[in-house]
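**Student:** I'll drop the sequence and a predicted model, then ask my questions.
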Amino acid sequence: MSGPTTYTPPMSPTCGRVLSSPLTSPSSLPGHLGSSASLFSISPHAAAQLVRMVKTQGASDSRHCYFIHLKLRAVFSDDAIPGTCIRKLPRLLNGIPLGAGFLSRDQISEIQWRLVEGEHSTLTFLSCPLLQDEAEESRTSFRDRLITQAQAVFGDITVRASITLSKCIDYHDNLILNDIATNVGDGLQFKD
């Protein structure tokens, strides 16, 4: 049995090297709270902050945040895809081999895609600022890795998947619609 392997990602000029803001490393991305926060997921609020920061910085008109929307559905049952399968997907999208291994600190900046937390039926991944062709290449590579490593990810579950890539122009989170009451300054206004 062999020991853990070291992953060496391809060098990328994308995450953090283009922007002159605190986006220079995943640890300074909105939503990252040090060693206790995941480098592979991001809260909807932090995702909205990241998109706004990239938009207001205007570092380059050619680099944008992108979404990859992944819809997964079990073919032979109505069961949800297990969380043990879902948690492998951010590694797969970022090109990090599955199984035991080691990712050094200097390689962490190569993590380009993070899962937006709280999604269940359609998984949403948000990228750091990328060129359009880099985002398209990520989608194509992700699709290819899903196909070739489906057994390792989903086990004996037959899954139908659809993958959509879109540019994130703006992102609003935490909208509360049709609430029980509206805050009117002096109190709450009930509408029923």
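**Tutor:** Great, that's in hand.
**Student:** make it CA atoms for all contacts and neighbour counts henceforth
**Tutor:** Noted.
**Student:** who touches Glu117 in this structure?
**Tutor:** 41-44 (CA atoms under 8 Å, 6 or more residues apart in numbering).
**Student:** between those residues, which has the most around it?
**Tutor:** If you count neighbours using other CA atoms under 10 Å, the busiest of the contacts of Glu117 is Ile42, which has 24 neighbours.
**Student:** Please export the C-alpha coordinates of the longest helix along the chain as PDB.
**Tutor:** Counting by DSSP state H, the longest helix found in the chain is helix 132-148. What follows is helix 132-148, C-alpha atoms only, in PDB (Å, rounded to 0.1, in the frame of the first residue of the first chain):
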ATOM      1  CA  GLN A 132     -13.900  33.000 -20.100                       C
ATOM      2  CA  ASP A 133     -11.800  30.400 -21.800                       C
ATOM      3  CA  GLU A 134     -10.400  29.300 -18.400                       C
ATOM      4  CA  ALA A 135     -13.900  28.900 -17.100                       C
ATOM      5  CA  GLU A 136     -14.900  26.900 -20.100                       C
ATOM      6  CA  GLU A 137     -11.900  24.700 -19.700                       C
ATOM      7  CA  SER A 138     -12.800  24.100 -16.100                       C
ATOM      8  CA  ARG A 139     -16.300  23.100 -17.000                       C
ATOM      9  CA  THR A 140     -15.000  20.700 -19.700                       C
ATOM     10  CA  SER A 141     -12.400  19.200 -17.400                       C
ATOM     11  CA  PHE A 142     -15.000  18.800 -14.600                       C
ATOM     12  CA  ARG A 143     -17.300  17.000 -17.000                       C
ATOM     13  CA  ASP A 144     -14.600  14.700 -18.200                       C
ATOM     14  CA  ARG A 145     -13.500  13.900 -14.600                       C
ATOM     15  CA  LEU A 146     -17.100  13.300 -13.600                       C
ATOM     16  CA  ILE A 147     -17.500  10.800 -16.400                       C
ATOM     17  CA  THR A 148     -14.200   9.000 -15.700                       C
END
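**Student:** contacts for whatever helix or strand comes next after it?
**Tutor:** Per DSSP states H and E, the first helix or strand lying C-terminal to helix 132-148 is helix 150-154. Residues from elsewhere that reach helix 150-154 (CA under 8 Å, 6+ apart): 85, 88-89, 146.
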